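>>> below are the sequence and a predicted model for it; my questions follow.
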Amino acid sequence: MKHKPRRSAGKPPVRPGSPGRSDTAEALCDAALRLLRAGQLTQAEETCRRALTLDAASVDALQAMGRVCLALKRCDDAIEWFARAIRQDVAVPESFVGLAQALQQAGRRDEAIKAYDRALQLQPDAAESWDALSELLQLTGRHAEAALACDRLLQLKPDRAAAWFRLGEVLEAQGRRDEAALAFEQVLELRPDDVDAANKAGAVHFDAGRYGEAIARFGQSLRQQPDQAGVLCLKGISLRRLRRYDEAQPLGQRAHLLAPHDPDIANSYGCILQNLGRHDEAVTVFDKAIAIRPQTADFHNHRGTSLAELHRFDEAFASFDRAIALRPDFADAHWNAALFRLLTGDFARGWAAREWGRKCRAVGFVERSFDVPMWLGDAPLQGRTILLHSDEGLGDTIQFARYATMVAARGARVLLEVDAVLQPLLSGIDGVAQCLVRGLDAMPAIDAHCPLSSLPLAFATSLDTIPAAPNYLPQPPAERRAVWQQRLGAPSRLRVGLVWSGNPAHLNDHNRSVPLAVLAPLLDLDVQFVSLQKGVRPADAAVLADRSDILDLTADIRDFVDTAALIDNLDLVLTVDTSVAHLAGALGKPTWIMLPYTPDYRWLLDRDDSPWYPSVRLFRQDARRNYADVVARMREALATHAMSFARIEAPVRL
């Protein structure tokens, strides 16, 4: 049967036998809706009943009664009235909208969605129905469908900020962060003062690791509402992730003052203080977080790190142990404890626990998988082929490559796999049958493998058994050494190589690197300084350009073999803790290393020599953590060394 469309304008038809009756029912419907809008629900219901008495088949009256029941929270009655309206005329979209609203009020969301679908089939351009449907789809977790509904709504109403906001939320729920960010940004185009949208945009950027954008949006929100503790905290974390610790500190402090009983905000502030080297204050803040929520392993782990930086090691290990007791698989706590155990000379426990670093995202191990077993000293190697593969930084690779000779001594055929820049340097180590470039050279058949940094564990290395040959790297080729000898010219005074900074991406770079200007007190000595510094930072480049007393030939350095050949022509290398320190030490060149108060584990504590490198001398910060003091001590030692240095010239034949 074909259904006639709902009457919307013009003179209403008169039902046979009842002249004027529908006009009276229609007037009562209008009156009922006015009463409903005025909140006079009892009177509205009574008026609807009078209308239905006059015309029981009136779709308008049935819909009006449904709306009144909705307002009275009688959702079952409302469902029935809208259903009756639909039975009278299935082509009226408003009846399906009312039914959807009643079903939603009754908690029958899936049925409500179907009702909205039917309404939109009848009236595809009904923006309010698309709005309601998108909200309902979002509530039921049907985010992909909700996004489509939002898209359709925004085609109809592109300036509707609330729809853009909902679109951002459902895209975020699907993990579509870039698109979600664009949606929230569109809200801000329409409503620049929308705090919720700014916070949402900031949070999406934060989760995606776009910390600069997150900082901008959190700042936009805080300009409207300055005392949002959570937003201050997130902005502070964003700045911390960018290593802008000085800017992060007041934000973290403000957040903590506004929400002193929030342990997560306290913990975040403690981490900022930790990054600033203010470890006494950090411990106090971590103690507050622990007092509020003592069962959170992260708080104990962070507290342990600051205690260790203060050299309160017994307390630090107790904190790490507590973190691990709360969360036995807490890789970060195992890793941190391992590093400080190694630093304090506890190799027996340190090497084994250090393997937990392979499960820490922030550590950056290069993980490989093979179809052969990992060797940790627990199986014979005679007649077998083993792959030793680099898994950390360049300096680590140089340090642990020494173990290849020991593995070969067990009867194994040793393959060494390293980064391309190190392959020419390390290919000549005793015992290495073949040196491969990771990611480039094809992998031969192997029987076992071992990451380079696991070899100290495999050999149960103790302080007394460190393989510390005076020099274990092969001497650079004679032709390379000759090239650098020619570039340097005839020697006339002590030649000292300089390295003042490492990789800026290193997590501890702010503690181990120094500006070149800090070394200025050394430069007036009667010494020929030679830069070994690759990747000079802009501020240092300006200083270097003004120092004619530093010979800079680094533009001609092509690889580590060139660096080794240049070092071979020097008398001494003076460096911070970076790969050049390992290179010079492994070549047996006298090397002085500047170290922070709490150095990397391999340099140990309270000694000026290194059991790993016999030619190395260590210059450490004291508890004041001041490199100026280190440079002053180094200057005194270098002055003495330069004065006692004498070149022996070849005799001249007459």
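Thanks, I have the structure now.

>>> can you give me the strands in the stretch 251-400 of the chain?
Using DSSP state E, counting those that start in this stretch, the strands of the stretch 251-400 of the chain run over 385-389.

>>> repeat that for the chain.
All strands of the chain, identified by DSSP state E, fall at 385-389, 413-418, 432-437, 448-451, 495-499, 528-531, 550-552, 572-576, 591-595, 616-620.

>>> in JSON lines, list those along with mean pLDDT and mean neighbour count.
No exception for glycine: its C-beta is placed from N, CA and C like everyone else's. Shown next, in JSON lines, are the strands of the chain (pLDDT from 0 to 100; neighbours: other CB atoms under 10 Å):
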{"stretch": "strand 385-389", "mean pLDDT": "98", "mean neighbour count": "23"}
{"stretch": "strand 413-418", "mean pLDDT": "98", "mean neighbour count": "23"}
{"stretch": "strand 432-437", "mean pLDDT": "97", "mean neighbour count": "17"}
{"stretch": "strand 448-451", "mean pLDDT": "97", "mean neighbour count": "21"}
{"stretch": "strand 495-499", "mean pLDDT": "97", "mean neighbour count": "23"}
{"stretch": "strand 528-531", "mean pLDDT": "95", "mean neighbour count": "21"}
{"stretch": "strand 550-552", "mean pLDDT": "93", "mean neighbour count": "18"}
{"stretch": "strand 572-576", "mean pLDDT": "97", "mean neighbour count": "25"}
{"stretch": "strand 591-595", "mean pLDDT": "98", "mean neighbour count": "25"}
{"stretch": "strand 616-620", "mean pLDDT": "98", "mean neighbour count": "19"}
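
>>> dump those strands to CSV, plus distance to Ile290.
Formatted as CSV, the strands of the chain follow (distance: least, CB to CB, whole Å):
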stretch, distance to Ile290
strand 385-389, 40
strand 413-418, 43
strand 432-437, 48
strand 448-451, 35
strand 495-499, 41
strand 528-531, 47
strand 550-552, 49
strand 572-576, 35
strand 591-595, 31
strand 616-620, 31
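
>>> out of these, flag the one nearest Arg50.
Closest approach to Arg50 among the strands of the chain (CB to CB): strand 448-451, 86.2 Å.

>>> can you tell me the closest non-neighbouring residue to the most centrally placed residue in the chain?
Residue closest to the mean C-alpha point of the chain, counted by CA atoms, centre = their mean, is Gly209 at 6.1 Å. In this structure, Gly209 finds its nearest non-sequential neighbour in Arg241, 7.8 Å apart by CB to CB, 6 or more residues apart in numbering.

>>> repeat that for Arg327.
Ala297 (4.0 Å).

>>> report pLDDT for the one you found.
Looking at Ala297, its pLDDT stands at 98.

>>> show me the contacts for it.
Going by CB atoms under 8 Å, 6 or more residues apart in numbering, Ala297 touches Arg322, Ala323, Ile324, Leu326, Arg327, Phe330, Ala333.

>>> just checking, the fifth one touches Asp321?
If I follow you right, that is Arg327. No - using CB atoms under 8 Å, Arg327 makes no contact with Asp321, being 11.7 Å away.

>>> more neighbours: those two, which one.
Neighbours were counted for Arg327 and for Asp321 using other CB atoms under 10 Å; Arg327 has more, 17 against 14.

>>> list phi and psi for that one.
Reported as degrees, to the nearest 10, the phi and psi values for Arg327 are phi -140, psi 90.

>>> distance check, it against Arg349.
19 Å (CB to CB, to the nearest Å).

>>> and for the residue nearest to Gly209, the neighbour number?
Quick note: Arg241 (other CB under 10 Å) scores 15 neighbours.

>>> same deal with Ala57?
By other CB under 10 Å, the residues close to Ala57 number 15.

>>> show the model's pLDDT score for the nearest residue to it once chain neighbours are set aside.
Using CB to CB, 6+ apart and skipping the chain neighbours, the partner closest in space to Ala57 is Gln88 (5.5 Å). Gln88 is assigned 92 on the pLDDT scale.

>>> for Gln88, give me its contacts.
Ala57, Val59, Leu62.

>>> isn't the last one up against Ala85?
Yes - with contacts counted by CB under 8 Å, Leu62 reaches Ala85, the gap being 3.8 Å.

>>> any residues in contact with both of the two?
If you check Leu62 and Ala85 against CB under 8 Å, 6+ apart, the residues they both contact are Ser95.

>>> quick one: Gly393 and Ser579 touch, right?
Yes - contact status for Gly393 versus Ser579: in contact at 6.9 Å, counting by CB under 8 Å.

>>> hang on, the earlier thing: okay if I get the contacts of Gln88 as a markdown table plus pLDDT and distance to Leu222?
A markdown table is the format used below for the contacts of Gln88 (pLDDT from 0 to 100; distance: CB to CB, whole Å):
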| residue | pLDDT | distance to Leu222 |
| --- | --- | --- |
| Ala57 | 92 | 60 |
| Val59 | 94 | 53 |
| Leu62 | 94 | 52 |
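
>>> between those, which sits nearest Ala460?
When the contacts of Gln88 are compared against Ala460 (criterion: CB to CB), the nearest one is Leu62, at 86.4 Å.

>>> distance of the closest one relative to Gly39?
Distance from Leu62 to Gly39, by CB to CB: 22 Å.

>>> who has more neighbours, those two?
Between Leu62 and Gly39, Leu62 has the larger neighbour count (other CB under 10 Å), namely 28 against 9.
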